[in-house]
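**Student:** Pasting a predicted model and its sequence here:
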Amino acid sequence: MSGAGPRENVFPTRMNLTTTKTRLKGAQTGHSLLKKKSDALNKRFRTILGKIDEAKRKMGRVMQLAAFSLAEVTYATGDISYQIQESITEATFRVQTKQENVSGVILPTFEPLMSKAEGGNGGFGLTGLGRGGQQITKCRETFAKAVETLVELASLQTAFVILDEVIKMTNRRVNALEHVVIPRLENTISYINSELDEMDREEFFRLKKVQSKKKRDTAVRDAEAKEKRDAAEAAGIEEEEEHEEQEQGENLLAEKDEDVIF
Amino acid sequence: MASHSVYKDRSFIATIGDEDTITGLLLAGTGHIDGRGKKNFLVVDSKTAVSTIESAFAEFTERQDIAIVLINQHVADQIRPLVDKYEQAFPALLEIPSKDHPYDPSKDSVLKRVKKLFGE
């Protein structure tokens, strides 16, 4: 708390001190809240990372299985790829998105959504009509399962990307508060405090100075008064005599005046 | 932050891959051709030009109705710079193994990021 370093550009007044203190308190509360949020997100993030790793491995296995069952189909019916590509019209396997809330962050999750197509064979009713229909059905099921795994993986991955972004943002905020905003407010507070102290000292010194000047002035005045009194006492006897003479004169004058008027 | 309206309309799974992968996924019912004859899949063989893959990739990642883009890993390798640069949350990009090319986790763009975060 040296007061050096960057600080807010404010006047060092008591009001600004109070405002800055409130702001510092706010910043500290925000910092601790964001830190908690970051921790919660990080925890979630770790779980997702673990799950992604597992799901990727599972995907490898599932896709291998699916490829094998497709090979079985090809063996049984011959090449059906062209036929299938031509008979595509509308997706029967779709995904729907739902959202999940992790400490204020909305994470979308995909869910597989299968609509039953007419014909019972996913729209490929006539494929493999001659032979290999059973293999095709089996293959379709295997691939549907594989796609389900893929969808699951995709939602994990989306959560991963979004969480990654949010965690970075939160950490930036936490660091900005911790290393920029809070020190600056603390500097401002100590600056205002030191300025106020300085002003207090100045004021105290001024009062002292005033007091001492007043004391000096009173002393001078007292001395003068005393001198006057002394001088007066010294001249006291002569004055009394003069006084009597004056009184007589005055009385004369007063009588004269009355005569003039009436 | 992605708002709700950004992803609620996304429902299709687009695929870029070799013939077998596409066939399998179409069999599962992911294929879709819209009114204007636009497919949501691209069959890549040895004769397919890289530019075709690139434009399909760009189209699938820009379309508003696609939730997931699946791409065979060996196809992704051909347009690796594009795939590595792709960081959007929607649509989710997923590298999948193909019949002839076993899955290599070290090449996956997401797993690479995972590894990087763990500092390995």
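**Tutor:** That came through, no problem. What you see is a predicted model; the values in this text were computed from it and never measured.

**Student:** shaky segments in the chain?
**Tutor:** As the question left the chain open, I've gone with chain A. A:1-4, A:116-132, A:237-262 (pLDDT under 70).

**Student:** wait, I meant chain B there
**Tutor:** B:1-8, B:105, B:118-120.

**Student:** That one: helices as residue ranges?
**Tutor:** Using DSSP state H, the helices of chain B run over B:4-7, B:19-28, B:50-62, B:73-78, B:80-85, B:109-118.

**Student:** what do you get for the stretch 151-262 of chain A?
**Tutor:** A:182-234, A:236-261 (DSSP state H, counting those that start in this stretch).

**Student:** Next: the stretch 1-150 of chain A.
**Tutor:** Secondary structure of the stretch 1-150 of chain A by DSSP H, counting those that start in this stretch: the helices cover A:14-77, A:81-86, A:133-176.

**Student:** hmm, back to that, which of the helices of chain B is buried the deepest?
**Tutor:** Stretch with highest mean neighbour count among these: helix B:19-28 (a mean of 26; mean count of other CB atoms under 10 Å in any protein chain shown). The C-beta positions use only the backbone N, C-alpha and C, and glycine is treated the same way.

**Student:** Now do that one: distance to the chain's middle.
**Tutor:** Relative to its parent chain, helix B:19-28 has a centroid offset of 14 Å by CA atoms, centre = their mean, to the nearest Å.

**Student:** Chain B contacts on the stretch 101-250 of chain A?
**Tutor:** Proximity of the stretch 101-250 of chain A to chain B (CB under 8 Å from any CB of the partner chain) is limited to residues A:105-106, A:108, A:110, A:113-114, A:117, A:122-124, A:136, A:139-140, A:143-144, A:146-147, A:150-151, A:153-155, A:157-158, A:160-162, A:164-166.

**Student:** what do you get if the cut-off is 7 Å, keeping everything else the same?
**Tutor:** A:106, A:108, A:110, A:114, A:122-124, A:139-140, A:143-144, A:147, A:150-151, A:153-154, A:157-158, A:160-162 (CB under 7 Å from any CB of the partner chain).

**Student:** Over to residue 11: give its phi and psi.
**Tutor:** I went with chain A, as the question did not name one. As for A:F11, its main-chain torsions (degrees, to the nearest 10) stand at phi -80, psi 140.

**Student:** other chain: chain B
**Tutor:** According to degrees, to the nearest 10, B:S11 has phi -140, psi -10.

**Student:** Next, work out how far apart it and A:A40 are.
**Tutor:** 31 Å (CB to CB, to the nearest Å).

**Student:** Which one's more surrounded, the two?
**Tutor:** Between B:S11 and A:A40, counted using other CB atoms under 10 Å in any protein chain shown, B:S11 has the larger neighbour count: 19 against 15.

**Student:** Can I have the buried ones of the residues of the stretch 101-250 of chain A next to chain B as a ChimeraX selection?
**Tutor:** Restricted to buried positions by 16 or more other CB atoms under 10 Å in any protein chain shown, the ChimeraX selection for these reads:
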select /A:108,110,122,123,124,139,140,143,144,147,150,151,153,154,157,158,160,161,162
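
**Student:** got the contact list for the residue most central in space within chain A?
**Tutor:** The residue lying closest to the centre of chain A (CA atoms, centre = their mean) is A:G30, at 4.8 Å. Counting by CB atoms under 7 Å, 6 or more residues apart in numbering or on different chains, A:G30 touches A:L177.

**Student:** same question, A:R7
**Tutor:** A:184, A:187-188, A:191.

**Student:** what's the neighbour count on B:G29?
**Tutor:** For B:G29, using other CB under 10 Å, the count is 25.

**Student:** for the one 10 residues further on, same thing?
**Tutor:** B:K39 is surrounded by 17 other residues when neighbours are defined as other CB under 10 Å.

**Student:** Just list whatever residues bridge to it.
**Tutor:** B:I33 (DSSP bridges).

**Student:** wait, doesn't it sit right on B:T30?
**Tutor:** No - counting by CB atoms under 7 Å, B:K39 sits too far from B:T30 to count as a contact (11.2 Å).

**Student:** Around chain A, pick out the residues from chain B.
**Tutor:** So chain B meets chain A at B:1, B:4, B:7-8, B:10-13, B:19-20, B:23-33, B:67-68, B:70, B:87, B:89, B:92, B:94, B:96-97, B:99, B:103, B:105, B:110-111, B:114 (CB under 7 Å from any CB).

**Student:** how many neighbours does A:N101 have?
**Tutor:** 8.

**Student:** ok, now how distant is it from chain B?
**Tutor:** Distance, A:N101 to chain B, using CB to the nearest CB, to the nearest Å: 12 Å.

**Student:** That residue: what's its closest spatial neighbour, skipping adjacent residues?
**Tutor:** A:L107 (7.5 Å; CB to CB, 6 or more residues apart in numbering or on different chains).

**Student:** same check, this time on A:E152
**Tutor:** A:A55 (6.2 Å).

**Student:** Likewise for B:D108?
**Tutor:** B:E95 (5.2 Å).

**Student:** Quick check: that neighbour vs B:S106, distance?
**Tutor:** 12 Å.

**Student:** Quick one: distance of stretch A:139-152 to the chain centre.
**Tutor:** For stretch A:139-152, the distance to the chain centre is 45 Å (CA atoms, centre = their mean).

**Student:** Please save the CA atoms from it in PDB.
**Tutor:** As requested, the backbone C-alpha atoms of stretch A:139-152 are provided in PDB (Å, rounded to 0.1, in the frame of the first residue of the first chain):
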ATOM      1  CA  CYS A 139     -25.900 -53.100 -41.000                       C
ATOM      2  CA  ARG A 140     -28.400 -50.300 -40.700                       C
ATOM      3  CA  GLU A 141     -28.800 -51.000 -37.000                       C
ATOM      4  CA  THR A 142     -25.000 -51.100 -36.500                       C
ATOM      5  CA  PHE A 143     -24.600 -47.800 -38.300                       C
ATOM      6  CA  ALA A 144     -27.400 -46.200 -36.400                       C
ATOM      7  CA  LYS A 145     -25.700 -47.200 -33.100                       C
ATOM      8  CA  ALA A 146     -22.400 -45.800 -34.500                       C
ATOM      9  CA  VAL A 147     -24.100 -42.500 -35.400                       C
ATOM     10  CA  GLU A 148     -25.600 -42.300 -31.900                       C
ATOM     11  CA  THR A 149     -22.000 -42.600 -30.500                       C
ATOM     12  CA  LEU A 150     -20.900 -40.000 -32.900                       C
ATOM     13  CA  VAL A 151     -23.700 -37.700 -31.900                       C
ATOM     14  CA  GLU A 152     -22.800 -38.100 -28.200                       C
END
